[in-house]
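Q: Please work out how this folds:
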Amino acid sequence: MTRQTTLRTSSDWLYGRHLDQDGKSGLRFHPAAEEEGLVFVRADLPGRPEVRCRPENLRSMPRWTALEEGGVEVHHTEHVLAALALCGVDNAVMEMDCSRVPMTAGFSSAAFCEALMKAGSRPLEAPRRVYTLKAPLFYLDSQRTTGEVSGQPSLADGRYVVGIPADRLAVSYVFHWSHLPSLPIGVAEYDESVPAAWQSFAGARSYLVQTEAEAVREVLGPARMDVMMLAPHCSPALAQEAARHKILDFVGDLMILGHPVRGRFAAFRTGHRIHHNLVRYLVENNLLETRRE
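A: Prediction:
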């Protein structure tokens, strides 16, 4: 039997800027009881309301992931949830001093992983609960599979996820802008069974492609543009790092389900909106089963 885990002690506060607003925010991790799951606490609001990682609390935003429960919102959850998944933490409380998870250096998960490793983990008595795929999966995002190059829909231009049942989580990702052939293709693979696999992914920076930078600057502002910039004919290593960051986003968005997922996935050109729709698709079509490890 594999037992559930939580933190050995509370972490220090982590501070960073907001992604979409002026100002800074803070977050720290606390231990939680078995079966508690992953819970955000808005310490800045009366009564310290909780927002839990559950599919019904998912709120899709254009460039990030948000949760809402009882009218209380938490934004930018993907990188902190990815850190919890990479570090194998099943139960934790994330205390926040506002509605925004802080964006740390490079907008990656590194600072969160480092805080979790410093706090340490301990086993609980209950067996670990995970979700497993019941059958092979092919999820096609028909809205964005529009034939960007040929004018006719094709998988070469498509955005989709393939999944097969497995006894662990493994994710392959293809980063590819088919309408911008001068931008290198990036490929990365995460396998949680590889020792210390988190070290290769936690620090993968968020990115912008040069062609979209001006439009994003209007939304986020120049002070928040300190992410990796990808330009035509840039180093293939940068495209590979972008693929690793996309895996962070994918893993973090899957944790909205509330428990670790077991399966081998390959994601092609996906983003948060597609991940959100995938989570809903898995739940609405009863494609997951609960298992005790």
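
Q: residues in contact with the nearest residue to Ile274 once chain neighbours are set aside?
A: Computed as C-beta to C-beta, 6 or more residues apart in numbering, the closest residue to Ile274 that is not its neighbour in sequence is Asp141, at 4.8 Å. C-betas here are computed from N, CA, C, even on glycine. Each residue near Asp141 by C-beta atoms under 8 Å, 6 or more residues apart in numbering is listed here: 158-160, 270, 274, 277.

Q: out of the residues you listed, who has the most neighbours?
A: Tallying neighbours with other C-beta atoms under 10 Å puts Thr270 at the head of these, with 25 neighbours.

Q: Pretty sure it sits against Asp253.
A: No: applying C-beta atoms under 8 Å as the test, Thr270 and Asp253 come out as separate, 9.4 Å apart.

Q: Overlap of the contact sets of those two?
A: Common neighbours of Thr270 and Asp253 (criterion: C-beta under 8 Å, 6+ apart): Leu278.

Q: Can you get me a residue count around the closest residue to Leu287 other than its chain neighbours?
A: Once flanking residues are discounted, Leu287 sits nearest to Lys134: 5.6 Å by C-beta to C-beta, 6+ apart. If you count neighbours by other C-beta under 10 Å, Lys134 ends up with 14.

Q: go on, Pro127?
A: 14.

Q: ok, now which ones touch it?
A: Going by C-beta under 8 Å, 6+ apart, Pro127 touches 1-4, 292-293.

Q: now do Leu86
A: By C-beta under 8 Å, 6+ apart, the contact set of Leu86 is 109, 113, 192, 197-198, 201-202, 251.

Q: ok, Thr9 - how many residues close by?
A: 12.

Q: go on, Pro46?
A: As a burial measure, Pro46 scores 6 neighbours (other C-beta under 10 Å).

Q: Can you tell me the SS state at it?
A: Classification of Pro46 by DSSP: H, G, I helix; E, B strand; the rest coil places it in coil.

Q: repeat for the one 10 residues further on
A: What three-state DSSP gives for Glu56 is helix.

Q: Same question for Val41.
A: Under three-state DSSP, Val41 comes out as strand.

Q: What separation is there between it and Arg28?
A: 10 Å (C-beta to C-beta, to the nearest Å).

Q: How about Ala242?
A: Taking C-beta to C-beta, one finds Ala242 at 29 Å from Arg28.

Q: Neighbour count for these two, which is higher?
A: Per other C-beta under 10 Å, whichever of Ala242 and Arg28 has more neighbours is Ala242, with 25 against 18.

Q: and Arg8, how many neighbours?
A: 11.

Q: Make 33 the first number, not 1, from now on.
A: With the count now opening at 33, the last piece we talked about shows up as Arg40.

Q: Turn the contacts of Pro159 into JSON lines, including secondary structure, pLDDT and neighbour count.
A: JSON lines is the format used below for these (DSSP: H, G, I helix; E, B strand; the rest coil; pLDDT from 0 to 100; neighbours: other C-beta atoms under 10 Å):
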{"residue": "Met33", "secondary structure": "coil", "pLDDT": "86", "neighbour count": "8"}
{"residue": "Thr34", "secondary structure": "coil", "pLDDT": "94", "neighbour count": "13"}
{"residue": "Arg35", "secondary structure": "strand", "pLDDT": "96", "neighbour count": "14"}
{"residue": "Gln36", "secondary structure": "strand", "pLDDT": "97", "neighbour count": "23"}
{"residue": "Arg324", "secondary structure": "strand", "pLDDT": "92", "neighbour count": "11"}
{"residue": "Glu325", "secondary structure": "coil", "pLDDT": "87", "neighbour count": "14"}
